[in-house]
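Q: output the structure for:
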Amino acid sequence: MDDIQLDSMIAEIRAKSKLFDGEHVLRDAPMTEERIAAIELQHKIRLNSQYKRFLRTYGAGDFLYSQVYSFDPTSSWSLWRETAFIDGIGTTILPFSDNGAGDYLAFKVIDGKCSDRVYCIDHEQGYAISESEYHDFHEFVTECALKT
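A: So this is what the prediction gives:
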């Protein structure tokens, strides 16, 4: 799924469901390109294009049936705070959501760049990293967060 298809799907859901937006939804404002670039430089990491664009377009927080963590350490949804206890955050792995049962969805960090592929960090396996059912971030958003 490309960016245009994802945006179209979200626009359709927004038009049909009061659960996507409103006072009851806790979500950050979208991040600026400058803020993302500053954090990438600070942590010596490059986000993949899908996650970066999502943060710039929609922000982090509640998304219907899931949450998306923020790359911004000052955010209420900060991935740095939410997963600080997991070894390798920002160097070998970058979590962007959880499953509500103690496991996390993440990108592997290889040579300072986040993978496109989504991985699982399983708490019952000592936070070991394994492949997830989601090929990329867009697939996570459509199949988990939006449950299409």
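
Q: distance of the most centrally placed residue in the chain from Ala145?
A: When C-alpha atoms, centre = their mean is applied to the chain, the residue found nearest the centroid is Phe96 (3.4 Å). Using C-beta to C-beta, to the nearest Å, one obtains 11 Å as the distance from Phe96 to Ala145. C-betas here are computed from N, CA, C, even on glycine.

Q: overlap of the contact sets of those two?
A: Val68 (C-beta atoms under 8 Å, 6 or more residues apart in numbering).

Q: returning to what we had before: would you agree the residue nearest to the centre of the chain is in contact with Gln50?
A: No - applying C-beta atoms under 8 Å, one finds Phe96 not in contact with Gln50, separated by 10.2 Å.

Q: list the residues that contact both of these two?
A: Common contacts of Phe96 and Gln50, defined by C-beta under 8 Å, 6+ apart, comprise Phe137.

Q: related to what we said a few turns ago, secondary structure element for the residue nearest to the centre of the chain, which one?
A: strand 93-98 (DSSP states H and E).

Q: same for that strand, what does it pack against?
A: Contact here means 3 or more C-beta pairs under 8 Å, 6 or more residues apart in numbering; DSSP states H and E; on that basis strand 93-98 packs against strand 66-68, helix 79-82, strand 104-110, strand 119-122.

Q: what are the C-alpha coordinates of the longest helix seen in the chain, in PDB please?
A: What stands out as the longest helix in the chain, according to DSSP state H, is helix 3-16. Extracted as PDB, the C-alpha positions of helix 3-16 are listed here (Å, rounded to 0.1, in the frame of the first residue of the first chain):
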ATOM      1  CA  ASP A   3       1.000   6.700   0.900                       C
ATOM      2  CA  ILE A   4      -1.900   7.900  -1.300                       C
ATOM      3  CA  GLN A   5      -3.900   4.700  -0.700                       C
ATOM      4  CA  LEU A   6      -3.300   5.000   3.100                       C
ATOM      5  CA  ASP A   7      -4.300   8.600   3.200                       C
ATOM      6  CA  SER A   8      -7.500   7.700   1.200                       C
ATOM      7  CA  MET A   9      -8.300   4.900   3.600                       C
ATOM      8  CA  ILE A  10      -7.800   7.200   6.700                       C
ATOM      9  CA  ALA A  11      -9.900   9.900   5.100                       C
ATOM     10  CA  GLU A  12     -12.700   7.400   4.400                       C
ATOM     11  CA  ILE A  13     -12.600   6.200   8.000                       C
ATOM     12  CA  ARG A  14     -12.500   9.700   9.400                       C
ATOM     13  CA  ALA A  15     -15.600  10.500   7.400                       C
ATOM     14  CA  LYS A  16     -17.500   7.500   8.700                       C
END
